[in-house]
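Asker: Output the structure for:
(chains A, B, C, D, E, F, G, H, I and J)
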Protein chains: 10
Amino acid sequence: MSTEPSNVLETFANPNPERDYTIRMEIPEFTCLCPKTGQPDFATLNLEYTPDRHCVELKSLKLYIWSYREVGGFHEALTNQILADLVDATQPRHMKLTAHFNVRGGIWTTVEVEHHGR
Amino acid sequence: MSTEPSNVLETFANPNPERDYTIRMEIPEFTCLCPKTGQPDFATLNLEYTPDRHCVELKSLKLYIWSYREVGGFHEALTNQILADLVDATQPRHMKLTAHFNVRGGIWTTVEVEHHGR
Amino acid sequence: MSTEPSNVLETFANPNPERDYTIRMEIPEFTCLCPKTGQPDFATLNLEYTPDRHCVELKSLKLYIWSYREVGGFHEALTNQILADLVDATQPRHMKLTAHFNVRGGIWTTVEVEHHGR
Amino acid sequence: MSTEPSNVLETFANPNPERDYTIRMEIPEFTCLCPKTGQPDFATLNLEYTPDRHCVELKSLKLYIWSYREVGGFHEALTNQILADLVDATQPRHMKLTAHFNVRGGIWTTVEVEHHGR
Amino acid sequence: MSTEPSNVLETFANPNPERDYTIRMEIPEFTCLCPKTGQPDFATLNLEYTPDRHCVELKSLKLYIWSYREVGGFHEALTNQILADLVDATQPRHMKLTAHFNVRGGIWTTVEVEHHGR
Amino acid sequence: MSTEPSNVLETFANPNPERDYTIRMEIPEFTCLCPKTGQPDFATLNLEYTPDRHCVELKSLKLYIWSYREVGGFHEALTNQILADLVDATQPRHMKLTAHFNVRGGIWTTVEVEHHGR
Amino acid sequence: MSTEPSNVLETFANPNPERDYTIRMEIPEFTCLCPKTGQPDFATLNLEYTPDRHCVELKSLKLYIWSYREVGGFHEALTNQILADLVDATQPRHMKLTAHFNVRGGIWTTVEVEHHGR
Amino acid sequence: MSTEPSNVLETFANPNPERDYTIRMEIPEFTCLCPKTGQPDFATLNLEYTPDRHCVELKSLKLYIWSYREVGGFHEALTNQILADLVDATQPRHMKLTAHFNVRGGIWTTVEVEHHGR
Amino acid sequence: MSTEPSNVLETFANPNPERDYTIRMEIPEFTCLCPKTGQPDFATLNLEYTPDRHCVELKSLKLYIWSYREVGGFHEALTNQILADLVDATQPRHMKLTAHFNVRGGIWTTVEVEHHGR
Amino acid sequence: MSTEPSNVLETFANPNPERDYTIRMEIPEFTCLCPKTGQPDFATLNLEYTPDRHCVELKSLKLYIWSYREVGGFHEALTNQILADLVDATQPRHMKLTAHFNVRGGIWTTVEVEHHGR
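Answerer: All right, here's what the predicted structure looks like:
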């Protein structure tokens, strides 16, 4: 089982950097593996950010998300890692990532991580 | 593929300029073109503003929205452009535009732009 | 087409004037006329207020609302007028009126007006 | 038509008085009488409070609520009275009561009353 | 009727202690006993916390929740006890527990308890 | 505790007896008493019928429903009794009554009774 | 108070008379008057029909519906009358009209009338 | 782990045996044990039946349902057993039991069993 | 304004022609033009069919739907035309098309057309 | 890209083969690959069957579903294949499988396949 997502996040220039505004993305097709058992986990990701000079490019984001298909990781660790990668790629003024994982053991888990730039 | 919306936004005099109040409009029939592929995009627009001396006239707003039918543009750029046009036409005390775009590549995108007048 | 609502708003004494509290009313059966075409408009009104010495009497409010059936007026003007009439009748500590008009030209319009008393 | 609720609200000792916390109760089976016509009114009550030394006992609350079955009163007066009785019985740090009355004359009425203790 | 939950809450090291972030868990399968009658009670628990050095381990949380199956206790006392156990085990920066109990006597009860760490 | 509903169901002449058609009424404000404990029960009634020569008059139906406020009876017996009274009053071609009672002892009960006329 | 709707229902030729197919229309803006009190009634109409040689023209249907604004009539009589007018105008193979009237006296009434042509 | 439900289902005489009618009960508080692991399972039961000479008594049904709290059994076997017990107790003209079990292993399971009497 | 959709519907071989089974497609992004005014119309299409030897290829269906963007036509005529084109391309054992058009003049229109093959 | 699911479906003996009854399973975590592009597809599966002598074992079903994670196939072909495998394993009296695939190209696709045994 590989443990590294392999795709590269691409960006494009923010068309309105002079203004603070908000971009939200709902990504219901996230799947990864349980690091203990290797069995699949599923989540819906909600991303919200205020771009500075870069916006995340939609198609590269889709491929980046898909690259977790064979990656094992705990809910808390993966959510922090995805935020870190998105922050590295876009250097946003603000970014929040919320991952709503499917029920396991009768319990639904959500992890919400936030980055404050500048 | 043309790239310019062609209609003119018309206004009427705010009947109660002495008071700050809020007008909200939900516009579920926005469609434009993808600037890369020329294929259609669809969105629901939510506009909220506090008029100063001018209110946007409903019928001209409808025609303005329809004029994007053959316009290509990225989600972020178009949302900023529509807000700018509405601000130019009405010079509001405050205005916020939220564009909820339909799913593309398994991802739903929303862009929310805000203008603070006076 | 007449242009004046004819009924009188009645009040009763606030049974607990020593305390700030909130009364909300949802009124889904508002109809008036378009001032341009004479065709019917429909709205749901949401009223919220903190009474001072007077509460609006329910039956007279119903009749007042019904009196708009033959009145023509723009969404923004009518919502401001209704708030003004209710403020005149009850002299509240605070009052907010939100009018959710039915779709016209593919667009749903809401007008929200607020009065701060004392 | 009697006009007095007859049951007594009982309490039990707050098991965690050292901590501020919140108790909410939804009570969909409230019915009383219209003071003008004697006809039934119906409401859902939502109670929210921060107990100090006393919590309201569930069964006595149920009986207290049922005791309004033959009581006549205006929406505003009854909601204030119920809050007052509950405050008397429990001396809470904070309490809010919201009564959502069923439609009468095409209008839904909600009354929300709040008490700030200590 | 036993009155003590018997399982031990386990934790794992917070993978990102340098950042404040939020973990939420919805646990719809909580059941305990009424301390007066011995009859079953049912609730959905919502846990929300900001971990410091420890995160609660999912499987041990599931077993801990199940251990209340034969425990009797009042809604208010049990909710405070569960929060206390979770605080003891994880020493969080912040934690909130909301327990939505099923209807009894026509009344739905919710208890919400909060802990502020550090 | 009285055990007899006292109001009279009135009817008006079916304006279109030459055609089979359907009238449905949703009545969410039904309350009666438990024959064992005297405590209130609550239900929503759904009536559906094909009139023959008589339609049930709305105001008398409202009063008839309200007359159960002090009547004790089991769910099954009361639902059958109400249907029987409505059949007696209107002699319909077909009538169905569904009573959705509120939860008691953790169980929601619905009783559905049907009459085939002619 | 006038008692006659005044507009004319217009039709256009069914573009596919060789095939049985279904047209449904939801009309949420129907209002008329109570024949006893003169007070407004409100309903949502649902029309479903299989056209034979004629389809009902949308704009004339809208005007026809609006013409009931000053017409008094019982729920049962008006629903039958509207169906009769639509049958006269279009001579459909099948037509069903369902009128969902707003609550009066705590009771929601629906009338459903059906015509079988040919 | 005991494997036998211990309570007795009681009945009362059907007040209208001359008519076929339907009783439905929704029971959201069913819990039992997994026969393999001993861990709790949860389900909502929906019962629907046409009584012949006996109706199931509500309180004994509640106790019967609660008696499964310590019983282990597969979803399919338990649902069939509960139906069999209810048929034995009431000898209905028709009875259907649907058990909606909570998610296990990412899969929600429902079992629906039906009995045709006489 | 062009009046002809220009794309070609492509098919692939039904992988299981020996069995009758059902394929359903929900297509929320249909837009065309009003033949009278040239203004945009919007609809959600629901297609359901039993393939015989050919299934409709998803990408060509998407392009076919998009080709109506500049086509004018009445709701009834367009829905029949789209069904006819899909029947020509796939020769299905059964096919039904339902088009839910957005509100115009306060009225929502749905057209449902069905083809029975073989 | 492998093209074969590798796990084995296991069964257990139907505990009530003398009776026809229904088992339904909702499986929201199905993912496979597009045979053209290798990109992930996602679906919710709904299985409904009447067992004969064998019921499908829950854990092996979960593993069988997960084994499609690296399998490429068209929606129509995969749905037929899964039904065939389940029929082979359980020889049911009746079985229906409905696969609701996520949106691709703005279109949601559902495939419903049915087997009639004995």
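
Asker: quick one: contacts of the longest helix along chain A?
Answerer: Longest helix of chain A, by residue count under DSSP state H: helix A:75-90. If you take CB atoms under 8 Å, 6 or more residues apart in numbering or on different chains as the criterion, helix A:75-90 is touched by A:5, A:9-11, A:32, A:41, A:43, A:45, A:47, A:49, A:51-52, A:54-56, A:64, A:68, A:71, A:73, A:92, A:95, A:97, A:99, A:101, A:109, A:111-115, A:117, E:14-16, E:19, E:21, E:23, E:51, E:55. In short, each C-beta sits where N, CA and C put it, glycine included.

Asker: Please repeat the previous calculation with a cut-off of 7 Å.
Answerer: A:9, A:11, A:32, A:51, A:54-56, A:95, A:97, A:99, A:101, A:109, A:111, A:113, A:115, E:15-16, E:23, E:55 (CB atoms under 7 Å, 6 or more residues apart in numbering or on different chains).

Asker: Residue ranges in chain A under the pLDDT threshold?
Answerer: A:1-7, A:118 (pLDDT under 70).

Asker: And the strands in chain A, which stretches?
Answerer: For chain A, applying DSSP state E gives strands covering A:11-13, A:22-33, A:40-50, A:54-56, A:94-104, A:107-116.

Asker: who touches the nearest residue to A:Trp108 once chain neighbours are set aside in this structure?
Answerer: Of all residues beyond its chain neighbours, the one nearest A:Trp108 is E:Glu26 (4.3 Å), with distances taken as CB to CB, 6 or more residues apart in numbering or on different chains. Shown in contact with E:Glu26 (CB under 7 Å, 6+ apart): A:Trp108, E:Thr44, E:Asn46.

Asker: Isn't the second one up against E:His100?
Answerer: It stands for E:Thr44. Yes. Here E:Thr44 reaches E:His100: they are 4.7 Å apart, a contact under CB atoms under 7 Å.

Asker: More neighbours: the two, which one.
Answerer: Each of E:Thr44 and E:His100 has its neighbours counted (other CB atoms under 10 Å in any protein chain shown); E:His100 has more, 18 against 15.

Asker: distance of the more buried one from E:Thr110?
Answerer: 5 Å (CB to CB, to the nearest Å).

Asker: before we move on, what about A:Asn16?
Answerer: Distance from A:Asn16 to E:Thr110, by CB to CB: 44 Å.

Asker: do A:Tyr49 as well
Answerer: 34 Å.

Asker: ok, these two, which is more surrounded?
Answerer: Taking A:Tyr49 and E:Thr110 together and counting by other CB under 10 Å, A:Tyr49 has the greater number of neighbours (24 against 19).

Asker: Roughly how far does that one sit from G:Glu10?
Answerer: 54 Å.

Asker: Give me the residue at the spatial middle of chain A.
Answerer: The residue lying closest to the centre of chain A (CA atoms, centre = their mean) is A:Ile82, at 4.1 Å.

Asker: Let me know the outermost residue of chain A.
Answerer: Max distance from the centre of chain A (CA atoms, centre = their mean): A:Glu18, 25.4 Å.

Asker: Which one of the contacts of E:Glu26 is nearest to J:Lys36?
Answerer: When those are ranked by distance to J:Lys36 (CB to CB), A:Trp108 comes first, at 34.3 Å.

Asker: how near is that closest one to I:Phe101?
Answerer: 38 Å.

Asker: And these two? Which one has more around it.
Answerer: I:Phe101 (22 against 16).

Asker: coming back round to it: quick check: beta-bridge partners of the residue nearest to A:Trp108?
Answerer: Beta-bridge partners recorded for E:Glu26 (DSSP bridges): A:Trp108, E:Asn46.

Asker: A:Val8: neighbouring residues, count only.
Answerer: A:Val8 has 11 nearby residues by other CB under 10 Å.

Asker: contacting residues around it?
Answerer: By CB under 7 Å, 6+ apart, the neighbours of A:Val8 are A:Ser60.

Asker: can you rerun that using 10 Å?
Answerer: Contacts for A:Val8 (CB atoms under 10 Å, 6 or more residues apart in numbering or on different chains) come out as A:Ser60, A:Leu63, A:Tyr64, A:Ser67, A:Asp85, A:Ala89.

Asker: For PyMOL, what selects the buried ones among those residues?
Answerer: Those of those that count as buried under 16 or more other CB atoms under 10 Å in any protein chain shown are selected in PyMOL with:
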select buried, chain A and resi 60+63+64+67+89
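
Asker: Show me the two of the contacts of A:Val8 that sit farthest apart.
Answerer: A:Ser67 and A:Ala89 (13.5 Å).
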